[in-house]
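Engineer: Give me a 3D structure for the following:
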Amino acid sequence: MRLTVYSDYALRLMMYLGLRPGGNPSTIDEVAAAYGISKAHLMKITNELGRKGLIETIRGRQGGMRLAHDASAIRVGDIVRACEPDFALVPCMEAEGGNACVVLPACVLKRALATATAAFLEVLDGYTLQDLVGPTVALRQLLGLEKSERVALR
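Structural biologist: Below you'll find the model as predicted:
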């Protein structure tokens with residue numbers, strides 16, 4: 001199983017927001033600079049995660065984005081499900097059955113792959129965003145959050 005770059009960036013964004021103390025909002029510019037990733041991609045992801053209720057977006061001068069729920073209440077599997085278009089590992093698993101296989105009625109492979117996908121998501125559901133940001137001090141230093149918050153306090 002391989003996740004898209006979209007999901008990777010969404011997970012990174014959520015981790016960044018989970019590292020912010022007191023739910024202080026962050027901007028797309030801050031997140032893009034911290035990870036060295038595209039602002040355009042982050043705008044699309046922010047919009048999607050906002051529509052799915054995982055983050056809250058705040059307009060205006062003091063605006064930005066923050067988690068819509070406590071990090072301990074957001075499962076990693078929910079973030080991945082919000083970002084991935086589907087989990088069809090092979091064409092015969094796609095919702096639009098245009099790639100029907102002649103052995104489909106007796107296929108054990110499709111069932112095995114579906115079971116593997118379910119197990120993958122079940123493992124991700126066993127982790128929360130809080131688990132991902134557990135090494136808080138190290139992550140905050142690597143992302144430059146310590147410096148930016150000291151500057152904001154002045």
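
Engineer: Where does pLDDT dip in the protein?
Structural biologist: Applying pLDDT under 70 to the chain flags the ranges 95-99, 147-154.

Engineer: can you give me the helices in it?
Structural biologist: Using DSSP state H, the helices of the chain run over residues 5-18, 28-35, 39-51, 76-83, 108-125, 129-132, 136-142, 145-153.

Engineer: can you name the farthest residue from the center of this protein?
Structural biologist: Going by C-alpha atoms, centre = their mean, the residue of the chain most distant from its centre is V102, 36.6 Å out.

Engineer: Roughly how far does A34 sit from S7?
Structural biologist: 18 Å (C-beta to C-beta, to the nearest Å). C-betas here are computed from N, CA, C, even on glycine.

Engineer: actually A71, sorry about that
Structural biologist: Using C-beta to C-beta, A71 is found at 18 Å from S7.

Engineer: cool, and Q62?
Structural biologist: Relative to S7, and taking C-beta to C-beta, Q62 is found at 29 Å.

Engineer: V31 too?
Structural biologist: 15 Å.

Engineer: Neighbour count: the two, which is higher?
Structural biologist: Using other C-beta atoms under 10 Å, the more surrounded residue of V31 and S7 is V31, with 23 against 17.

Engineer: I'd say that one and L13 touch.
Structural biologist: Yes - contact criterion C-beta atoms under 8 Å: V31 and L13 qualify, at 5.7 Å.

Engineer: what is in contact with those two at once?
Structural biologist: Any residue near both V31 and L13 by C-beta atoms under 8 Å, 6 or more residues apart in numbering counts here, and that gives L42.
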